[in-house]
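In: Can you look at this prediction? I've put the sequence above it.
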Amino acid sequence: MTHIAVFADPPRPGLAFPELAESSPLSESEAADLYAATLKDTFVAVRRSGGDLLVNYRPDDLLADEFVGDESAEAEVRALAADALDSTEEVRFEVQVGSSFSARAGNTVTHLLGEEGVSSVAVVPGTAPFLTRQEIDSAAMKIRRNAVVLGPSERGRVYFAGFADTIDFEDAYATPEIETLARRATDAGHEVGFLSAKTCIGTVEDLCSLVSLVNARTEAGRVVPEHTATLFDEWGLRVEEGADGPELTRE
């Protein structure tokens, strides 16, 4: 059974999706709400899968002073999980340790594989709301045949990185993440498997892609990530042709 480590920040304005507040119709507060929604959809997908959910949160002492709130980061992340899930009794919460994302991911994977003896671990940023139960279970099957399984996203990023064995994690998430991780895996003598590509939110272009897909699937009566789709509908987000190509608008 794969342990799915969802790496979560507290959903605070200015910290969550900062680029969206600068280049999209969303405010800093709305960008934080969107981040919270994508995390909740990820929690739900993992809980419905055959994997074990580990919420790996970034504590306040690893955040810039301007992003430290009155409530602790742990409390905020726990509240998100409680809001998304029927019960958090079987959810594990652990603090992130390390000075960079690569270090924090490496510490989590190495500890779980080496010291707790789990069979496989996946690192998930929680910003790709179309990561589904089926995708997670498919990844678990692939990890039985490949020591490393990667889920590609736009601009060389990854929305999923699964490991049945360790790699050299120093700067392993250096851009482009998928190339760096694949190279580290092959350097360690591992086979690498791949999942289908999915949109991972970071820029307004990513958000345009996601809004279009959510709206199309809603129109067709297909399954969509509930919390993310609800926000898009409340905000009236649409993609229209602008002077320089497709652009995000609000009704």
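Out: Arrived safely.
In: Touching, Thr186 and Glu179? I think so.
Out: No - judged on Cβ atoms under 8 Å, Thr186 makes no contact with Glu179 at a distance of 10.7 Å. Glycine gets a C-beta too; all of them are placed from N, C-alpha and C.
In: show me where the protein has strands.
Out: 2-8, 52-57, 92-95, 120-124, 148-152, 158-163, 192-194, 237-242, 245-250 (DSSP state E).
In: Once you drop chain neighbours, what's closest to Asn146?
Out: Computed as Cβ to Cβ, 6 or more residues apart in numbering, the closest residue to Asn146 that is not its neighbour in sequence is Gly193, at 3.5 Å.
In: any idea how far the one you found is from Ser120?
Out: 12 Å (Cβ to Cβ, to the nearest Å).
In: same question, Lys198
Out: From Lys198 to Ser120 the distance is 20 Å (Cβ to Cβ).
In: Have a look at the two and say which one is more surrounded.
Out: A count of neighbours by other Cβ atoms under 10 Å puts Ser120 above the other of Lys198 and Ser120, at 24 against 21.
In: Is it correct that the more buried one is in contact with Phe163?
Out: Yes - Ser120 lies in contact with Phe163 (Cβ under 8 Å); the separation is 6.5 Å.
In: quick one: common contacting residues for those two?
Out: Among the neighbours of Ser120, those also in contact with Phe163 (Cβ atoms under 8 Å, 6 or more residues apart in numbering) are Leu113, Ile143.
In: tell me the centre residue of this structure?
Out: Gly126 (2.0 Å; Cα atoms, centre = their mean).
In: Tell me, what's the model's pLDDT at it?
Out: pLDDT recorded at Gly126 is 94.
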